[in-house]
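Enquirer: have a look; sequence and predicted model below, questions after that.
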Amino acid sequence: MKENALKLKNLITNPKQVVITTHRGPDGDAMGSSLAMFHFLKKLGHNVTVITPNKYADFLHWIPGNSEVIIYEENEEKAQQIISKADLFFMLDFNHIGRVSDLGNYITSSKAQKVLIDHHQNPDTSMANIIFSDTKACSTAQLVYDIMNAMELESYIDKNIAECLYVGIMTDTGSFKFSSTTSKTHTVIAKLIDAGADNTKIHDLVYDCSSSNRIKLLGYCLDKKLLLYPENNSAIISLNAEELEKFKFKNGDTEGFINYALGIKGIKFATFIAEKEGIVKLSLRSKGNFKVNEIASKYFNGGGHTNASGGTSQLSVNETIKKVEEIINNYKEKIK
């Protein structure tokens, strides 16, 4: 950390044209860490732009700096122009360039310096000149804090940066309940609150802002779409495109649904399947030592963390359910 932190500190000494990007379907950690770095670098005198591959949930739009984010799919020409002039790229919260879709082609072809900051397993080390990778970090946001601290620039963390980082850490730890949460996590959170982060406000803006359609969709999932396999300690929730349309689905509406399945007594492995944008996507969650990242990698062209991963399926929703059922049966001894 120290050696790379010194390299980065030297790299950002003089003002540059900087582009920050993150993975497709940005979550709280992706946006929180990206916008924290956005504010931090601006305070150091850089010209900074955050570009996301696509849209993200409405409950993240309040985060300081959000109004200046460029969504690539909605403004490709402007994004490409900015990328072509970049001196430095920061790539946050993803471990492979394919995670940013078409945006990755322009980043790869650029001769600008590249910095990767991520906490997922097996990063592609050819992506960047400077790499900060820590799979033990609870979130990329916490890793960003560690980097600022290692550069001895933590004094630049103001209220805006603190709130951005708080969002990232809070969401990626499931409000500090996942096993990735450590005493260090709480120490960092305490320092962010001291720097001005309003923890009550942030929690309300992220978790207590559901639309009536989202609540109705959740009720429908739990009443009609929850499949339980108590003998194998597993559960599946699924939604097809028509069902999402019926409840006027918006980005972020199904965030956290999988946790209701995992919260059922005795359930140690839960899968959420949804057909979005013509793609069948899966979220996998587990408790204990059952490694869902291995399941995601082996069967669904995905990956992630030991207890939280994602992937995609080339099959229909119903066929994907059958495939997950086969996996549950094949791994039942490991799930228990």
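Expert: Nice, thanks for sending it over. Since we're looking at a predicted model, the values are computed, not measured.

Enquirer: show the average pLDDT along stretch 320-336.
Expert: Mean pLDDT, computed over stretch 320-336, is 96.

Enquirer: got the domain ranges for this protein?
Expert: Listed by automatic domain parsing, the domain ranges of the chain are 2-207, 213-335.

Enquirer: start and end of the shortest one, how far apart?
Expert: Think domain 213-335. 34 Å (Cα to Cα, to the nearest Å).

Enquirer: now stretch 121-129
Expert: End-to-end distance of stretch 121-129 (Cα to Cα): 18 Å.

Enquirer: could you do stretch 132-146 as well?
Expert: In stretch 132-146, first residue to last residue: 10 Å (Cα to Cα).

Enquirer: run the chain-centre distance for it.
Expert: Taking Cα atoms, centre = their mean, to the nearest Å, the mean C-alpha location of stretch 132-146 is offset from the chain mean by 12 Å.

Enquirer: go on, stretch 323-336?
Expert: Counting by Cα atoms, centre = their mean, stretch 323-336 comes out at 26 Å from the chain centroid.

Enquirer: center of the chain, which residue is that?
Expert: For the chain, the residue nearest the mean C-alpha position is Asp27 (4.1 Å; Cα atoms, centre = their mean).

Enquirer: contacts only, for that one.
Expert: Taking Cβ atoms under 8 Å, 6 or more residues apart in numbering, we find Asp27 in contact with Tyr56, Ala57, Asp93, Thr171, Asp172, Glu255. The C-beta positions use only the backbone N, C-alpha and C, and glycine is treated the same way.

Enquirer: neighbours around the nearest residue to the last one once chain neighbours are set aside, how many?
Expert: Okay, so that is Glu255. Leaving aside its sequence neighbours, Glu255 sits nearest to Ala57 (Cβ to Cβ, 6 or more residues apart in numbering; 6.2 Å). Using other Cβ atoms under 10 Å, Ala57 has 19 neighbouring residues.

Enquirer: what's the spacing between Ala57 and Tyr207?
Expert: Applying Cβ to Cβ, to the nearest Å, the value for Ala57 to Tyr207 is 12 Å.

Enquirer: and if you look at Ala79?
Expert: 31 Å.

Enquirer: one more: Phe40?
Expert: Distance from Phe40 to Tyr207, counting by Cβ to Cβ: 26 Å.

Enquirer: then Ala162?
Expert: Where Tyr207 is concerned, Ala162 sits at a distance of 19 Å (Cβ to Cβ).

Enquirer: of those two, give the one with the bigger neighbour count.
Expert: Ala162 (24 against 14).

Enquirer: packing partners for the strand or helix carrying the more buried one?
Expert: Ala162 is located in helix 159-172, with elements delineated by DSSP states H and E. Packing partners of helix 159-172 (3 or more Cβ pairs under 8 Å, 6 or more residues apart in numbering; DSSP states H and E): helix 28-43, helix 140-150, helix 183-194, helix 199-207.
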